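J.: I would like the atomic coordinates for the input below:
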Amino acid sequence: MAKQPKRLYRSPDDRMIAGVCGGIAEYLNIDPLWVRLAAVLLAFAYGSTIVIYILLWLLVPINPRGKK
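T.: I've put the predicted structure just below:
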């Protein structure tokens, strides 16, 4: 059986707002706290981070299988 390629999904379980940071953390296999901290720091430094977050919220699907 061929291994499925890794895909980016929003997390249905580890979410604060939309599950974007939780999904990125699952994809990178790191703690979601670090992704959220980076997102907040980048949002204060660059306003475009908020637009990117909203775009990811709209474009990235929710993981249909939940947590792995």
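J.: how close does Leu58 get to Ile30?
T.: As for Leu58, its distance to Ile30 is 24 Å (criterion: Cβ to Cβ, to the nearest Å). Using the backbone N, CA and C atoms, a C-beta is placed for each residue, glycine as well.
J.: higher neighbour count, these two?
T.: Ile30 (11 against 8; other Cβ atoms under 10 Å).
J.: What distance do you get for the closest residue to Leu28 other than its chain neighbours to Ala25?
T.: When the adjacent residues along the chain are set aside, Leu28 lies closest to Val35, with 7.4 Å between them (Cβ to Cβ, 6 or more residues apart in numbering). Counting by Cβ to Cβ, the gap between Val35 and Ala25 amounts to 5 Å.
J.: can you pull out the helices in the chain?
T.: Counting by DSSP state H, one finds helices in the chain at the ranges 20-28, 32-45, 48-59.
J.: Out of those, which one sits most buried?
T.: For the helices of the chain, the stretch with the most neighbours on average is helix 20-28, a mean of 21; neighbours defined as mean count of other Cβ atoms under 10 Å.
J.: what pLDDT, on average, does that one get?
T.: pLDDT averaged over helix 20-28 equals 93, rounded to a whole number.
J.: quick one on the thing from earlier: please name the residues that touch the residue nearest to Leu28.
T.: For Val35, the set of contacting residues under the criterion of Cβ atoms under 8 Å, 6 or more residues apart in numbering consists of 21-22, 24-25, 28.
J.: beta partners for Ile62?
T.: Listed beta-bridge partners, Ile62: Arg10 (assigned using DSSP bridges).
J.: If we ignore the residues flanking it in sequence, what's nearest Ala39?
T.: Nearest non-adjacent residue to Ala39, counting by Cβ to Cβ, 6+ apart: Cys21, 5.6 Å away.
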